[in-house]
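Q: Quick one: sequence plus predicted model below, questions after.
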Amino acid sequence: MPDTDSPVPQDRQPIRLLVFSASLRSDSVNGRLARLAATTIEANGGAVDFRPMADFDTPSYNHDEQDRDGFPPGADQLRECIQTNDAFVISSPEYNSSMPGALKNSIDWVSRFSPQPFNEKHGLLLSASPSMGGGNRGLWALRVPFEHLGARVYPDMFSLAQAHQGFNGEGRIADAQLQERFENNIVGFMDLVEASKHYPCVKTRWVEYLGEHPDPVTDRVE
Ligand SMILES: Cc1cc2nc3c(=O)[nH]c(=O)nc-3n(C[C@H](O)[C@H](O)[C@H](O)COP(=O)(O)O)c2cc1C
């Protein structure tokens, strides 16, 4: 039964998402998109752990330094945030058709923890750029290390083109159609995170219902 006193709207079970912009710039367009993601998550019944990229910034990865001094604070904070939240949302700038070096460097550090925190974590990738591409090529590059590390990167990614003039005074996307698409993207991701956390039995049932026992007579050739 839904708890009407709960801050969680009617049919949403509790989920908490780490949200950050991968830009260190103070007036970052990705910072704006990350904040919009955070308010959208909260408006749709999720909790948010909002962090600045500065919290996760790290010196260049150096195996000798890791052996000598262990992990830098930025890597430890990102590890903890990944582990303690149900999923992560990153709004990342595109630098030279790829991800910013600072973000890749932090991912590299965190990948050295055992257990490796990104494994089986759901992630949603967003980008914003003044260009017409919206930084989308950078997100395709960013998928690669995350998928390599076993993260479950949501298929739909959202990229805001011409982002320097893309927001209205309330911090929403000025184009109403794009704003709606953004919200649908966020809510679709939240539904998946909620299902993964709270309804794992659905997954089992789904396999049982659709699945067939292997049988050479009925097995498809492919
Ligand atoms: C080193 C560097 C490389 C960049 N390369 C790209 C690029 O490949 N594609 C693009 O759309 N914008 C590129 N830009 C422009 C950024 O999209 C723009 O600076 C944007 O505002 C950065 O995001 P932020 O405002 O969140 O910091 C680049 C900027 C820098 C500093």
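A: Sure, I can see it. It should be emphasised that the depicted structure is a prediction, and the values quoted were computed from it without experimental measurement.
Q: What residues does this structure have near the ligand?
A: Contact residues (CB under 6 Å from any ligand atom) of the chain with the ligand: 23, 25, 28-30, 93-97, 129-131, 133, 135. C-beta coordinates here come from the backbone N, C-alpha and C atoms, glycine included.
Q: Next SSE downstream of the helix or strand harbouring residue 76?
A: Applying DSSP states H and E as the criterion places residue 76 in helix 73-84. Once helix 73-84 ends, the next helix or strand along the chain (criterion: DSSP H and E) is strand 87-91.
Q: The helix or strand following that following strand vs helix 73-84, what angle?
A: Counting by DSSP H and E, the next helix or strand C-terminal to strand 87-91 is helix 101-110. Angle, helix 101-110 to helix 73-84, by axes from the mean of the first three to the mean of the last three CA atoms, to 10 degrees: 70 degrees.
Q: what helices or strands is helix 101-110 leaning on?
A: Secondary-structure packing of helix 101-110 (3 or more CB pairs under 8 Å, 6 or more residues apart in numbering; DSSP states H and E): helix 73-84, helix 136-148.
Q: For the shortest one, buried residues please.
A: For helix 73-84, burial by neighbour count (16 or more other CB atoms under 10 Å) applies to 74, 75, 76, 77, 78, 79, 81, 82.
Q: so which of the residues of the chain next to the ligand is the most crowded?
A: In terms of neighbour count, residue 135 stands highest of the residues of the chain next to the ligand at 29 neighbours, by other CB atoms under 10 Å.
Q: ok, it - contacts?
A: Residue 135 makes contacts with 30, 92, 93, 94, 127, 128, 129, 159, 160, as judged by CB atoms under 8 Å, 6 or more residues apart in numbering.
Q: Adding distance to residue 168 and pLDDT, write the residues you listed out as CSV.
A: As requested, these are arranged in CSV below (distance: CB to CB, whole Å; pLDDT from 0 to 100):
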residue, distance to residue 168, pLDDT
30, 17, 98
92, 23, 98
93, 21, 98
94, 23, 98
127, 19, 98
128, 14, 98
129, 18, 98
159, 18, 98
160, 13, 98
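Q: Across the sheet, point out what pairs with the spatially most central residue of the chain.
A: With the centre of the chain defined as its mean C-alpha position, the nearest residue by CA atoms, centre = their mean is residue 89, 2.6 Å away. Under DSSP bridges, the beta-bridge partners of residue 89 are residue 19, residue 124.
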